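Visitor: could you work out the structure for the sequence below:
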Amino acid sequence: MAEIILARHGKTEWNVAEIFRGQIDIDLSETGVKQAKLLAEYLSKSAIEAIYTSPLKRARKTAEIIAQPHGLKVNADPDLIDFNFGQWEGLPLEEVKEKYEDLHKKWVAHPEQVSIPGGESLEDVSRRIVRFKNKIISSYHGVVLIVGHRVVNKVMLCTMLGLDNSHFWKIKQDTCGISILTYQDEQFILTKHNVTSFLKPVTRAPLSDF
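Guide: Numbering: from 1, shown residues only. Sure, this is the predicted structure:
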């Protein structure tokens, strides 16, 4: 493999409202569809060899829009599904802060130490990212596009750069932002991160890291 383009899916209404999405299958908003189309245009000349996506429709639809100019099939992989937020899923951020005050404070301060009740830990995500990485590294020699989710993409960047999950909050990727990693000498090198210049036609105020 020569290069990975790592994209986050387009915006949803729950991003704007700061509601924990996790594995609830939320669709793209109208703005999210527009973002995906702008990203598709931006990547239309890229020599993408394969496209992988989370099976959730907000990511899958983003991937399908990007795939159209290339005539590529979209591969949904369960290892890319969003972080399982367990009991937090479907709850607004402010409600989680109130109901799970101590755990949420720990999530902000030491995310690598948190296991969400009824859900996952970041280490659980790391294990599936390693499994996914091992599947694709030997399968491709060109550009692979991956469309995923905020938490999973942040963990993927940490994993591929050899960082532990204590660095989770030091990475931000906006909706439909892309990061690019090259693979050489058996290691990944981050060459671009959170590129969003192509989203200017639909960008208002930037969202928080949510």
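Visitor: hang on, residue 67 packs against residue 73?
Guide: Yes. Assessed by Cβ atoms under 8 Å, residue 67 is found in contact with residue 73 at 7.3 Å. Every residue, glycine included, has its C-beta placed from N, CA and C.
Visitor: mind checking which of the two has more residues around it?
Guide: residue 67 (21 against 9; other Cβ atoms under 10 Å).
Visitor: and that one, helix, strand or coil?
Guide: helix (DSSP: H, G, I helix; E, B strand; the rest coil).
Visitor: in this structure residue 143 contacts residue 48, no?
Guide: Yes. In this structure, residue 143 is within contact of residue 48 by Cβ under 8 Å, at 5.0 Å.
Visitor: what is in contact with these two at once?
Guide: residue 5 (Cβ atoms under 8 Å, 6 or more residues apart in numbering).
Visitor: okay, now the sheet partners of the longest strand along the chain, with direction.
Guide: The residue-count maximum for a strand in the chain (DSSP state E) belongs to strand 187-195. Note on strand 187-195: by DSSP bridges, its sheet partners are strand 178-184 (antiparallel).
Visitor: distance from the longest strand of the chain to the middle of the chain?
Guide: 14 Å (Cα atoms, centre = their mean, to the nearest Å).
Visitor: residues in contact with that strand: which ones?
Guide: Counting by Cβ under 8 Å, 6+ apart, 4, 157, 160-162, 171-174, 177-183 sit against strand 187-195.
Visitor: of those, just say which sits nearest to residue 16.
Guide: residue 174 (12.6 Å; Cβ to Cβ).
Visitor: does the closest one touch residue 197 like I think?
Guide: No. Using Cβ under 8 Å as the test, residue 174 is too far from residue 197 to be in contact (11.3 Å).
Visitor: between those two, tell me which one has more neighbours.
Guide: Shown here are residue 174 and residue 197; by other Cβ under 10 Å, residue 174 has more neighbours (19 against 8).
Visitor: no further questions, thank you.
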